[in-house]
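Enquirer: need a 3D model of the following:
(chains A and B, ligands or ions: 2)
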Amino acid sequence: MKPDALKPFLPIFGVAGLLVAWSIVTWRQWVDPVLLPSPVSTFAALWNGMNGGPLGFDFVKTVYRTATSTAIAAMIAIPLGIVLGSAERVYRSLEFVIDFFRSTPASATFPLFLVLFGVGDETKISVAAFGAILVILFNVAYGVMNARKTRLLAAKVMGASRLRVLFDVMLLESLPQTFVGLRNGVSLALVIIVVAEMFIGSQDGLGHSVFEAQQLFDMPRMYAAIFAAGALGYGLNLLFLLIERRFVHWSGK
Amino acid sequence: MNAAPQARRLQAMALRAAGTAKPPHVTIRGLCKRFDTTPVYENFDLDIPRGELISVFGPNGCGKSTLINMIAGLVAPDGGQILFDGMRLSEIKFGYVFQNYREALFPWLRAFDNIAYPLKIMEVPPAERRARTERLVAHLGITLDFNLYPYQMSGGQQQLVSIMRALIVEPEILFLDEPFSALDYEMTLFMREQLQRIFMETGTTTVLVSHDLEEAVYLADRVLLLSRHPARIADLAAVASARPRTDATLSDADFVRTKAHCLDVFQREVRRA
Ligand SMILES: Nc1ncnc2c1ncn2[C@@H]1O[C@H](COP(=O)(O)OP(=O)(O)OP(=O)(O)O)[C@@H](O)[C@H]1O
Ligand SMILES: [Mg+2]
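Expert: Numbers count the residues shown, from 1 in each chain, chains lettered A, B, ... in the order given. Ligands and ions are numbered 1, 2, ... in the order given. Sure, this is the predicted structure:
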């Protein structure tokens, strides 16, 4: 067998290794079974929860909140990032403010948003959107600012107007970096949503599910919810990667 | 197109038809440019003859790129005048080929659309853009898969696409700043032939900056030898060898003499500093 033929299957080894190690640990009872349930009971809880159980409902809720906040963030941050990136002086004067809030843990602003929006969905979605906006904005603006100078000059010597350079060159040049921003943005939005679901008087969502299972000491259900959140995070990242590969085919080339 | 340049162009054509000495295509008078404290050009005069290929050769940092960038409007001169048949740059069509083809082509467009893009800027309708691009491809007789994206092509192919993109507007003058210096040797030899063929096909006035003396002489009708800055014309050496030039030309007595002469002038200029 050629060494390359094995390559697509390599990740399976890691997963299998983890499952085997986990099975051995629970089977030999090296860890208190109350703290670490077996893979079988965990995946049974995951399966039952997702198939008509409450976990499926929580999952959908979290997807909805994450998607909404990311969509809002993208709609605000992408146009704003393009405008700021193409006016470098304006971006430089706002850079400190953007960097400052980008570095502020979004969880620290929960109380503020609670005061503004109450305990409903709006608070969770707007905190997550706020966090994602700054990440996306930063990346889009940098993508536009780092547009290859030669490409801009090439369009300029052909006689392209400023507006045409912006739409035909800068916008497309910034797309790879925009997708970096979107991937980071959606990951951050998910983190914020899950934390918000745990602690901001939530009745549903994966965060709530994890928290509630812990309160009830229902460990298989808790692990199941954690895995569901992990799968969601991974899936969202993958989704953006696939979209990027489809529409930004020149990225990294 | 407005009437005045049209009239001047007709006048220029009439002059040539009447058999008068070929008027210069580009006239540069009293050109001045300094960067910080470095005077790169001081009262620089140059005539570029119509329909000729001029190679620009000189030591590093003497101002070769600055010269063609000022002629092509990418760098503003501090003073002086550059006219094309008496017209300003904004009144003529020109093409510019960058050294760094990787960063000059648009990776989101297929080769075909890259070549046609300048026509889009000129607001030529899509059907005509397609027709004109196809005509150029057929005219140059270049066999290449124009459906590929730039990153799917070799460096030479990409630079060929850049050159075709510069030619699509049927430029009156073509600028190339070290167009082959990022290519390997084999590709460079291939591209020299392509450029020579394109030049013979189109007869476009061409200004080529080259770091390779053999290449500069091989491709040129005249070699512009520049001194260290502030740049002066050390020589404007005519290259008599007939076209098409081939490998045999390289060992041709005339060619060897011209090249030796250019090297002589170059070394004298470098040693002066
Ligand atoms: N934007 C700039 N700012 C300051 N100095 C510059 C700038 N561009 C060019 N120079 C200086 O002007 C001089 C001429 O530069 P230019 O790029 O025209 O040289 P060149 O002959 O093309 O050199 P090379 O052979 O390295 O390509 C150099 O001394 C360079 O340092
Ligand atoms: Mg140069």
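Enquirer: where does the prediction get shaky in the chain?
Expert: I'll assume chain A. Residues of chain A that meet the criterion pLDDT under 70 lie in A:1-3.
Enquirer: oops, I was thinking of chain B
Expert: Residues of chain B that meet the cut-off, pLDDT under 70, sit at B:1-22, B:273.
Enquirer: quick one: the helices in it?
Expert: Counting by DSSP state H, the segments of chain B that form helices are B:3-17, B:64-71, B:101-104, B:111-121, B:126-140, B:155-167, B:185-202, B:213-219, B:247-250, B:253-272.
Enquirer: and the stretch 1-150 of chain A, by the same measure?
Expert: A:10-27, A:39-50, A:54-86, A:88-103, A:110-117, A:121-145, A:149-157 (DSSP state H, counting those that start in this stretch).
Enquirer: and residue 148, its phi and psi?
Expert: All of this is about chain A. When read as degrees, to the nearest 10, the backbone of A:Arg148 gives phi -60, psi 130.
Enquirer: my question was about chain B
Expert: phi -80, psi 160.
Enquirer: now it, nearest residue through space, not along the chain?
Expert: Sequence neighbours aside, B:Ala111 is the residue nearest to B:Leu148 in space, at 5.6 Å (criterion: Cβ to Cβ, 6 or more residues apart in numbering or on different chains). Every residue, glycine included, has its C-beta placed from N, CA and C.
Enquirer: so who does the one you found touch?
Expert: B:144-150, B:153, B:157, B:161 (Cβ atoms under 8 Å, 6 or more residues apart in numbering or on different chains).
Enquirer: turn those into JSON lines, columns for neighbour count.
Expert: Listed next are those as JSON lines, based on neighbours: other Cβ atoms under 10 Å in any protein chain shown:
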{"residue": "B:Leu144", "neighbour count": "16"}
{"residue": "B:Asp145", "neighbour count": "11"}
{"residue": "B:Phe146", "neighbour count": "20"}
{"residue": "B:Asn147", "neighbour count": "10"}
{"residue": "B:Leu148", "neighbour count": "15"}
{"residue": "B:Tyr149", "neighbour count": "18"}
{"residue": "B:Pro150", "neighbour count": "22"}
{"residue": "B:Met153", "neighbour count": "19"}
{"residue": "B:Gln157", "neighbour count": "21"}
{"residue": "B:Val161", "neighbour count": "25"}
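Enquirer: chain B contacts on the stretch 101-250 of chain A?
Expert: Contact residues (Cβ under 8 Å from any Cβ of the partner chain) of the stretch 101-250 of chain A with chain B: A:148-151, A:153-160, A:164, A:168-169, A:172, A:175, A:248-250.
Enquirer: mind listing the strands for the stretch 151-253 of chain A?
Expert: When assigned using DSSP state E, counting those that start in this stretch, the stretch 151-253 of chain A turns out to have no strands.
Enquirer: from A:Gly49, how far out is the residue in it positioned nearest to ligand 1?
Expert: The nearest approach of the stretch 151-253 of chain A to ligand 1 comes at A:Leu153, 12.7 Å away (Cβ to the nearest ligand atom). Distance of A:Leu153 to A:Gly49, given as Cβ to Cβ, to the nearest Å: 57 Å.
Enquirer: and stretch B:110-124, how far from the chain's centre?
Expert: Here stretch B:110-124 is found 20 Å from its chain centre; the criterion is Cα atoms, centre = their mean, to the nearest Å.
Enquirer: could you give me the buried positions within it?
Expert: In terms of neighbour count (16 or more other Cβ atoms under 10 Å in any protein chain shown), stretch B:110-124 has its buried residues at B:110-121, B:124.
Enquirer: how about the residues of the stretch 101-250 of chain B near ligand 1?
Expert: Contact residues, the stretch 101-250 of chain B versus ligand 1 (Cβ under 6 Å from any ligand atom): B:His229.
Enquirer: near chain A, which residues of the stretch 101-250 of chain B?
Expert: Checking the stretch 101-250 of chain B against chain A by Cβ under 8 Å from any Cβ, the hits are B:103-108, B:117-118, B:121-122, B:149, B:151, B:169.
Enquirer: swap the cut-off to 7 Å and go again
Expert: In this structure, the stretch 101-250 of chain B approaches chain A at residues B:103-104, B:106-108, B:118, B:121, B:149, B:151, judged by Cβ under 7 Å from any Cβ of the partner chain.
Enquirer: roughly how far apart are A:Ala129 and A:Gly81?
Expert: Distance of A:Ala129 to A:Gly81, computed by Cβ to Cβ: 15 Å.
Enquirer: among the helices of chain B, which is the most enclosed?
Expert: Greatest average neighbour count among the helices of chain B goes to helix B:155-167 (a mean of 24), per mean count of other Cβ atoms under 10 Å in any protein chain shown.
Enquirer: please tell me how far B:Val270 sits from chain A.
Expert: Distance, B:Val270 to chain A, by Cβ to the nearest Cβ, to the nearest Å: 29 Å.
Enquirer: ok, the closest residue to that residue other than its chain neighbours - contacts?
Expert: Leaving out its chain neighbours, the residue that sits closest to B:Val270 by Cβ to Cβ, 6+ apart is B:Pro59, at 5.3 Å. By Cβ atoms under 7 Å, 6 or more residues apart in numbering or on different chains, the contact set of B:Pro59 is B:228, B:269-270.
Enquirer: thank you kindly, that will do.
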